[in-house]
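Peer 1: attaching a predicted model along with its sequence, questions to come.
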Amino acid sequence: MGTIEELSERKLDDRGEILDIFCRLEYIINEIIILNLNVNSREKFLIILDCVDLFSKIKILNNWKILNNRNKEILLCLEEVRNGFAHSWSDREVKYKGIKFAVNLEKFKKDFLYVWHQIIEIYRKHQPNPIELLKSYKKINNTCKSKKGTVGT
């Protein structure tokens with residue numbers, strides 16, 4: 001799932017799909033943070049980033065003026081769905097913008113596609129090297145495949 005087209009073809013209607021897309025989104029957000037800090041030891045810094053929740057990473061990007069307020073607010077609403085799927089017993093408990101997820105799925109998908117595009121564009125601005133961009137795309141797939149079945153916060 002690297003392109004808008006690939007993402008839009010996914011159903012996004014179950015727990016596994018939702019957690020997978022957020023794994024990919026968080027990977028890109030981590031990359032943006034690392035690129036902005038010019039970190040010497042990427043691996044060591046990733047250990048630190050793994051201890052930071054997605055909410056805090058979103059706030060960091062907003063505080064740095066990398067992510068605008070509109071995108072921050074959309075991401076925070078989307079993250080509530082991710083947390084709902086990660087921490088609820090039943091998918092019926094999950095809501096998006098106060099409406100049951102199953103009823104509001106199309107709005108969720110539209111908002112996620114919009115934010116995904118925005119995050120990818122931000123990443124492209126910070127990672128102008130196409131070879132590194134391609135490597136990151138491959139790492140996203142490998143990282144998310146290896147994390148299937150695990151839940152972070």
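Peer 2: Sure, I can see it.
Peer 1: what's around the residue nearest to Arg15 when sequence neighbours are not counted, how many residues?
Peer 2: In this structure, Arg15 finds its nearest non-sequential neighbour in Phe85, 4.6 Å apart by CB to CB, 6 or more residues apart in numbering. All C-beta spots, glycine's among them, are computed from the backbone N, C-alpha and C. By the criterion of other CB atoms under 10 Å, Phe85 has 20 neighbours.
Peer 1: my guess is Ile120 meets Tyr27, correct?
Peer 2: No - in this structure Ile120 lies outside contact range of Tyr27 using CB atoms under 8 Å: 11.5 Å.
Peer 1: need the contact list for Lys97.
Peer 2: Applying CB atoms under 8 Å, 6 or more residues apart in numbering to Lys97 gives the contacts Cys77, Asn104, Lys107.
Peer 1: I figured the second one hits Tyr96, correct?
Peer 2: Yes - the pair formed by Asn104 and Tyr96 meets the contact definition of CB under 8 Å, at 4.4 Å.
Peer 1: neighbour-wise, which of the two wins?
Peer 2: Under the neighbour definition other CB under 10 Å, Asn104 and Tyr96 were set side by side, and Tyr96 has more, 21 against 17.
Peer 1: OK, contacts around that one?
Peer 2: With contacts taken as CB under 8 Å, 6+ apart, Tyr96 has the following neighbours: Cys77, Leu78, Glu80, Val81, Asn104, Leu105, Lys107, Phe108.
Peer 1: nothing else from me, thank you.
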